[in-house]
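Q: Give me a 3D structure for the following:
(2 chains)
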Amino acid sequence: MFFDDLVRVSLRQVFRHRRRYLGVVLAIAVGVAGFISIITMGQDVKKNFNEDITFIGGVTIIRNVLESRPQLPPGKFREDTVQAIREIPGVAYASLVGLTRIKGNNQGQEDFFSVAAVDEHFWKMRGLTAHTGSLFGSQEVKERQRVVVLGKRLAQSLFGTEEVAGRTLELGQDVFRVIGVVGGLRDINLEKSLFVPLTTAQDRFFHQLVLDRFYVRCATWDDVPGVAAAIPKVVAAHQSAENLLVEVSTENLEHVKRVAFWVEFFIYLAFAATLILGGMGIWNIMMAAVRSRTREIGLKKAMGAEDRDILSQFLTEALCLSLLASVIGVTLGRILVELLGLWIGMRPPEELFFTCLAFSLVFAVALGVGAGLYPSVQAARMEVVSATRYE
Amino acid sequence: MVHDLKAASPQPLIRVENLTKVYFNGAGPIEVLREVNLVIHPGEMVAVMGPSGSGKSTLLYILGLLQAPTSGAYLWEGLDLLTLNRTHQAEFRRRRLGFVFQACDLLENSNVYENLEFPLIYEEVDKETRPQRILDALRKVNLAHRLYHSANLLSGGERQRVAVARALVNRPQLILADEPTGQLDRSHGHLVMEHFEEVAATENTAVVVVTHDPDIASRCNRVCPMEDGVLTGLR
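A: The predicted model follows:
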């Protein structure tokens, strides 16, 4: 039997029995669509979920402090130490932070402000974004600009609004330009603080500024133990690490890992359900087809069809069904992904969708062959005489 | 006893010797065919007659390699067909044999062309020559005008003539017909027999017809009565 004859005959059969196959094709198509949307959006949802929960729990952030001890002079981290920390494998961001309180003046009202002197990595390290205006970056830090970013509560208390970009604030002896309000701090004390470039603070508030802490954000939570273990050695290689305290939220980390495991588990459970239900659907429909077409099988064998002709015909029909279902499913999946993307405001990477598409097609072939094989073998092994006499 | 009307013919097409078929079920063995001997020559029309359960359909299925005998020999131009494996038997069926069944077995949901194309598909006949061969076969049964009609919409007589055309399309050397006129009225039954006679005369194709109908049997060269699995004589 020529291959094109096989495909033509099989497609014809599928088309002519389309009403019989409609249910199973739709079931698999919905399964594939669900799979694509789960995996495509699920990865994105999971990533965002993990990032959010990481930030909430701060589980990938390692806090490093030089503790003040009576017998030791106040410690201070050097910039080259932090730079070396950034080179440790698994470190996403490391940010040197100095805290102080500075006397300021706003429209004649004097007050003391909590000031966080931070570098340009601070925002990404804490997952912060501009609520209004903008945050300062490497250029402002490098040029030691007198700019300031306010926490939300501070902006409200000083100016009665969060639209504060362009306003000015007197800090110490200098006037600073407010460039924005930072969002996502999740810490009431920081929301009442203001943020200035580290270099500017070093120039302007040198005597008050204590650079006794830096924060490290690891790329993943799996990197946390290794990075935490490496930090003391790297610090010791650059300066005294005598009173260094490395703080990791171990309990939170374990909790977050457990939650993430269950999220992942349910994603794959849904995928497994799709696979099993789709396979059972094809199996069932092909078994029914073999039974209802028993006379046809006997007749074809009487006409000279070999076992392999019958086997390949039924197998090809099962493949056609699963591929057809897969193509419909991929189309539905694409529509679903677009709709979900609009709904929850996420844009999954295109490569992920195409990976899912390729996987769905491979899955369809495996499903068609796997679920169609047994019924096809049954059809091929059928005895001609009993088949032709079948009522 | 060997039934041989064409004793003068040098080479028989089929020689069946001491063919026996026994079915085994819970009640014990049932001997359906007993020591059947038969010789058929090319171009010969043979009718096998007998009551229901006499074993005539079983004999036909064995001749068509659709069923294996329990013992005996089945020679085709000297070749022992019973030594062929399943695949070679299928190959033999599509090249040398044509079947016509009682129930006008056409493939439902297929048109006449598609029904006749299947034997050519299995024989891997190239696509360019298929339409002509199908038309030639349909012309022999005067149904060329029904080429693309759905099998479901044909009358009983037309369906059986399409079945005959399908049996002819691969130019077989032997046609095996199991009560081909059983579901047809008298005139259509004789029409089908006319087609067999024409094929036997023009193509030198042997035809074995299993029938209850003495009228149909009388149109054959030979009639082999069968009773309790034994060919009892000839008329």
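Q: which bits of chain B sit near chain A?
A: Contact residues (CB under 8 Å from any CB of the partner chain) of chain B with chain A: B:61, B:64, B:66-67, B:86-87, B:90-91, B:93-95, B:97, B:99, B:101, B:105, B:107-109, B:114, B:118-119, B:121-124, B:166, B:170. Quick note: C-beta positions are derived from backbone N, CA and C, even for glycine.
Q: which among the residues you listed end up buried?
A: Buried members of those, counted by 16 or more other CB atoms under 10 Å in any protein chain shown: B:61, B:64, B:66-67, B:90-91, B:93-94, B:97, B:99, B:101, B:105, B:107, B:114, B:118-119, B:121-123, B:166, B:170.
Q: Okay, and which of these map to helices?
A: B:61, B:90, B:91, B:93, B:94, B:114, B:118, B:119, B:121, B:122, B:166 (DSSP state H).
Q: quick one: which of those is nearest chain A?
A: residue B:94 (2.1 Å; CB to the nearest CB).
Q: what about the residue nearest to the closest one when sequence neighbours are not counted, neighbour count?
A: Leaving aside its sequence neighbours, residue B:94 sits nearest to residue A:304 (CB to CB, 6 or more residues apart in numbering or on different chains; 2.1 Å). Using other CB atoms under 10 Å in any protein chain shown, residue A:304 has 26 neighbouring residues.
Q: Could you do the one 3 residues further on as well?
A: Other residues within reach of residue A:307, judged by other CB under 10 Å, total 16.
Q: One more: the one 5 residues further on?
A: Applying other CB under 10 Å, we find 19 other residues in the vicinity of residue A:312.
Q: wouldn't it be in contact with residue A:2 here?
A: No - assessed by CB atoms under 8 Å, residue A:312 is found out of contact with residue A:2, at 11.2 Å.
Q: show me the contacts for the residue nearest to residue B:94.
A: B:90, B:91, B:93, B:94, B:95, B:97, B:119, B:122, B:123, B:170 (CB atoms under 8 Å, 6 or more residues apart in numbering or on different chains).
Q: where does the residue in the stretch 101-250 of chain A that chain B sits nearest to land on pLDDT?
A: Residue of the stretch 101-250 of chain A nearest chain B, by CB to the nearest CB: residue A:222 (57.3 Å). Looking at residue A:222, its pLDDT reads 82.
Q: Could you measure from it over to residue B:213?
A: 85 Å (CB to CB, to the nearest Å).
Q: So the two - more neighbours on which side?
A: Counted by other CB under 10 Å, residue A:222 and residue B:213 do not tie: residue B:213 has more neighbours, with 17 against 12.
Q: So which bits of stretch A:83-101 are buried?
A: By neighbour count with 16+ other CB under 10 Å, stretch A:83-101 contains the buried residues A:84-85, A:88, A:90-100.
Q: quick one: contacts of the longest helix along chain B?
A: Ranked by number of residues, the top helix in chain B under DSSP H is helix B:186-203. Contacts to helix B:186-203, defined as CB under 8 Å, 6+ apart, come from residues B:43-45, B:140-141, B:156-157, B:160-161, B:164, B:168, B:171, B:175, B:177, B:180-181, B:184, B:205-207, B:209, B:213, B:215-216, B:219.
Q: Next: stretch A:328-335.
A: Contact with stretch A:328-335 is made by A:25-26, A:28-37, A:40, A:353, A:356-357, A:360-361, as judged by CB under 8 Å, 6+ apart.
Q: Identify the bridge partners of the most centrally placed residue in chain B.
A: The centre of chain B sits closest to residue B:176, judged by CA atoms, centre = their mean, with a distance of 0.6 Å. As for beta bridges, residue B:176 partners with residue B:99, residue B:208 under DSSP bridges.
Q: For it, give me its contacts.
A: Contacts of residue B:176 (CB under 8 Å, 6+ apart): B:60, B:63, B:64, B:97, B:98, B:99, B:100, B:208.
Q: Which elements pack onto the helix or strand harbouring residue B:88?
A: Here residue B:88, judged by DSSP states H and E, is contained in helix B:86-96. Judged by 3 or more CB pairs under 8 Å, 6 or more residues apart in numbering or on different chains; DSSP states H and E, helix B:86-96 is in contact with helix A:294-302, helix A:307-344.
Q: that older thread, what two of the ones in helices among the buried ones among the residues of chain B next to chain A are the furthest from one another?
A: B:61 and B:114 (25.4 Å; CB to CB).
Q: Sketch out the low-pLDDT regions of the stretch 201-350 of chain A for me.
A: A:275, A:345-346 (pLDDT under 70).
Q: Minimum distance to chain B, which residue of it gives it?
A: residue A:304 (2.1 Å).
Q: That residue should be in a helix, yeah?
A: No - read with DSSP: H, G, I helix; E, B strand; the rest coil, residue A:304 is coil and lies in no helix.
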